[in-house]
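K.L.:
return a 3D structure for these sequence lines:
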Amino acid sequence: MNEPELDFPLYQQPNQLSSEDSSPWRGALKQVCWGLALWSITLDVFYLNFLLPTLGIVLLWLGLRSLRRQNTPFRVGYALSWVLSLHHVLLMAVLATPATQNDFLLLGLGWFGSLVTWGVYLSLWLGLRGVFRQAQLPPKTRAAGWLVVCYGLLMGIGVLSLNWLVFVLPFLLVWILLLVGLYRTHRSLDQAGYAVHPAPVRISNGWAAATWLGITVLAAVVALSLSLHLPLQGVRPFTLNTQQSQARTQLEQLGFPSDLLALLPDEQVAQLEGATQVQVTTQTGSAEYADLSKLSMDIVEVVLTQTGDIRVYAFFHWDTPPKQRMLEGLYLIPNVHELSIPLSIGKLQGMLFWDEGNQTFQAPLGNLFTTPPEIQLTPSSQGFWNADLTFSLPKDGENIRGYVTWTLYGFTTATNLNAKVVYLHQETPLLYPWNTPSNQYLTNSWRSMGSAPFSALDRPLLIQYPDTSS
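P.N.:
Next up, the predicted model:
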């Protein structure tokens, strides 16, 4: 049988049709309906919000592939299913990269996918109307038409940013009923004796589905593997500051760590002149994690009573190089409590240091997507300011250490206040979608998955400004 014969609609009585041709619509509409259901209705647990749409878009493409030769709307729908499939592959790859932090990009991709999906619904409705007209039957496409309307209403709700959570359950029920009604459309055509051979294909449904799924998974895996290590910006050689000065000697006598002092430039040391007290507390990572157990962090508080300031240093150092060098993060809350006295927070600064060969190198630390790197404070819903640093350790560096520092201004009386420093280290590559360590820590989302891509060295701080009245 040649290709035109395969595509030619058959108008026969039901008893004249072979069992293979007796319900050609059933298989195609079943794939289309399941595809639309899995694509549109997802569950945000155990990665089903990614797996179900991936399977759904494959089923939708397969169903429309079988119907593409029937009329022009079905051909348009099939072409849109191609666009939607490629869009989904791109979206799965983007979600594996730092581009997940770009809200405008994700919003644009989401709206593009919604418009194409609405076009598929419209093409499906018009295609079915054309088939009924071709079979000289009254169009029974009410379910398909209402699906077009409902999806359009969903997009309108999204544009207006309306709160429709109250209507989620009724809307979901209506959606399922409409999909069931769409699937039952095949009965009207079957009973009228209208049948059609599926359009010829060179690749079977099984191989086509496996290929699409493989391409989607491969795109996500490749993008994720390229995004697990961020390049360091502003890398330059560094010479340790070992020359003694009056200010450095005074700080050492007060108990300031010599390893950290050697990393500070002279201008920072000059800001610490007149220090009256240095408090140092040390914490090491939990032995529960192979890498984090090699990490130590010193919190150094330098009290400057002449100016009413406290300079805080969070000094982290890897006692031995970690095995995994993917994403690192620092989550900082310089000042948690709201005090009756006005306090201001100075600009945060951070540097990373490591030895490679016989040379020491340094690189500035900062927020993601800041060029040059700098640390920016952002307000939280709880009323305090916080900073989110994301970086990667050098692949070949040893003796890795670094610090983040800030100054609290405005102390006039003895005061205790809380702060927080959390160092986050990625232990496993299981991080999808891509997220900053701090965001992952705050949502605690990995624990619900039964695995922990990040380990945390969590340091609540009690910053104490002494009584200077005596």
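
K.L.:
show me this structure divided up by domain.
P.N.:
Domain ranges of the chain: 3-227, 236-465, per automatic domain parsing.

K.L.:
any weak-confidence spans in the stretch 101-250 of the chain?
P.N.:
161-167, 190-201 (pLDDT under 70).

K.L.:
hmm, back to that, any chance of the domains of the chain in TSV with mean neighbour count as columns?
P.N.:
The C-beta positions use only the backbone N, C-alpha and C, and glycine is treated the same way. Formatted as TSV, the domains of the chain follow (neighbours: other CB atoms under 10 Å):
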stretch	mean neighbour count
domain 3-227	17
domain 236-465	17
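
K.L.:
check which helices and strands the one helix or strand residue 59 maps to is in contact with.
P.N.:
According to DSSP states H and E, residue 59 maps onto helix 48-67. Here helix 48-67 touches helix 24-40, helix 72-94, helix 103-134, helix 205-227, going by 3 or more CB pairs under 8 Å, 6 or more residues apart in numbering; DSSP states H and E.

K.L.:
which of those helices sits closest to residue 174?
P.N.:
Distance to residue 174, taken as CB to CB, is lowest for helix 24-40 among the helices and strands packed on helix 48-67, at 12.4 Å.

K.L.:
how near is residue 155 to residue 148?
P.N.:
Per CB to CB, to the nearest Å, residue 155 is found 11 Å from residue 148.

K.L.:
what sits in contact with each of the two?
P.N.:
With contacts taken as CB atoms under 8 Å, 6 or more residues apart in numbering, the residues that reach both residue 155 and residue 148 are residue 118.

K.L.:
how about the helices of this protein, start to end?
P.N.:
Applying DSSP state H to the chain gives helices spanning 3-7, 24-40, 48-67, 72-94, 103-134, 142-160, 168-183, 185-191, 205-227, 246-253, 258-261, 266-271, 437-443.

K.L.:
check which helices and strands the longest one sits against.
P.N.:
When contacts are defined as 3+ CB pairs under 8 Å, 6+ apart, helix 103-134 packs onto helix 24-40, helix 48-67, helix 72-94, helix 142-160, helix 185-191.

K.L.:
between these, which gets nearest to residue 233?
P.N.:
Using CB to CB, the helices and strands packed on helix 103-134 put helix 72-94 closest to residue 233, at 22.2 Å.

K.L.:
which residues sit in contact with the spatially closest residue to residue 119 that is not a sequence neighbour?
P.N.:
Excluding its sequence neighbours, the residue lying closest to residue 119 (CB to CB, 6 or more residues apart in numbering) is residue 80, at 4.9 Å. Contacts for residue 80 (CB under 8 Å, 6+ apart) come out as 116, 119-120, 123.

K.L.:
with residue 331 instead?
P.N.:
Residues in contact with residue 331 (CB under 8 Å, 6+ apart) are 386-389, 420-422, 424, 437-438, 441-442.

K.L.:
mind running it again at 10 Å?
P.N.:
Contacts for residue 331 (CB atoms under 10 Å, 6 or more residues apart in numbering) come out as 386-390, 420-424, 436-439, 441-442, 456, 458.

K.L.:
where's it relative to residue 52, distance?
P.N.:
With CB to CB as the criterion, residue 331 and residue 52 are 32 Å apart.

K.L.:
now swap in residue 266 and tell me
P.N.:
Counting by CB to CB, the gap from residue 266 to residue 52 is 59 Å.

K.L.:
also residue 375?
P.N.:
As for residue 375, its distance to residue 52 is 39 Å (criterion: CB to CB).

K.L.:
please apply the same query to residue 276.
P.N.:
62 Å.

K.L.:
same check on residue 458?
P.N.:
Distance from residue 458 to residue 52, by CB to CB: 35 Å.

K.L.:
and if you look at residue 350?
P.N.:
If you go by CB to CB, the gap between residue 350 and residue 52 works out to 41 Å.

K.L.:
ditto for residue 168
P.N.:
17 Å.

K.L.:
contacts only, for the closest residue in space to residue 257 that isn't next to it in sequence.
P.N.:
Excluding the flanking residues, the one nearest residue 257 by CB to CB, 6+ apart is residue 298, at 5.8 Å. Residues in contact with residue 298 (CB under 10 Å, 6+ apart) are 257, 259-260, 280-283, 313-317, 401, 403, 459.

K.L.:
again, 8 Å this time
P.N.:
257, 260, 280-282, 313-317.

K.L.:
state the pair within these that is farthest apart.
P.N.:
281 and 317 (14.4 Å).

K.L.:
could you list the low-pLDDT ranges of the stretch 251-400 of the chain?
P.N.:
For the stretch 251-400 of the chain, counting by pLDDT under 70, the residues that fall below are 336-343.

K.L.:
hey, where'd the strands end up in it?
P.N.:
277-284, 295-304, 309-318, 328-333, 344-345, 349-356, 359-364, 378-379, 385-391, 398-409 (DSSP state E, counting those that start in this stretch).

K.L.:
any chance of those in a markdown table, plus distance to residue 44?
P.N.:
Formatted as a markdown table, the strands of the stretch 251-400 of the chain follow (distance: least, CB to CB, whole Å):
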| stretch | distance to residue 44 |
| --- | --- |
| strand 277-284 | 35 |
| strand 295-304 | 33 |
| strand 309-318 | 34 |
| strand 328-333 | 23 |
| strand 344-345 | 36 |
| strand 349-356 | 34 |
| strand 359-364 | 37 |
| strand 378-379 | 25 |
| strand 385-391 | 23 |
| strand 398-409 | 34 |
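
K.L.:
next, the distance between the ends of stretch 261-281.
P.N.:
16 Å (CA to CA, to the nearest Å).

K.L.:
hang on, residue 281 packs against residue 299?
P.N.:
Yes - counting by CB atoms under 8 Å, residue 281 touches residue 299, with 5.0 Å between them.

K.L.:
who's in contact with the residue nearest to residue 321 when sequence neighbours are not counted?
P.N.:
Leaving aside its sequence neighbours, residue 321 sits nearest to residue 398 (CB to CB, 6+ apart; 5.5 Å). Taking CB under 8 Å, 6+ apart, we find residue 398 in contact with 321, 354-356.

K.L.:
among these, which one lies nearest to residue 172?
P.N.:
residue 321 (51.4 Å).

K.L.:
next, work out how far apart the closest one and residue 262 are.
P.N.:
20 Å.

K.L.:
do I have it right that residue 117 meets residue 56?
P.N.:
No - the pair residue 117 / residue 56 is not scored as a contact, 10.4 Å apart, by CB under 8 Å.
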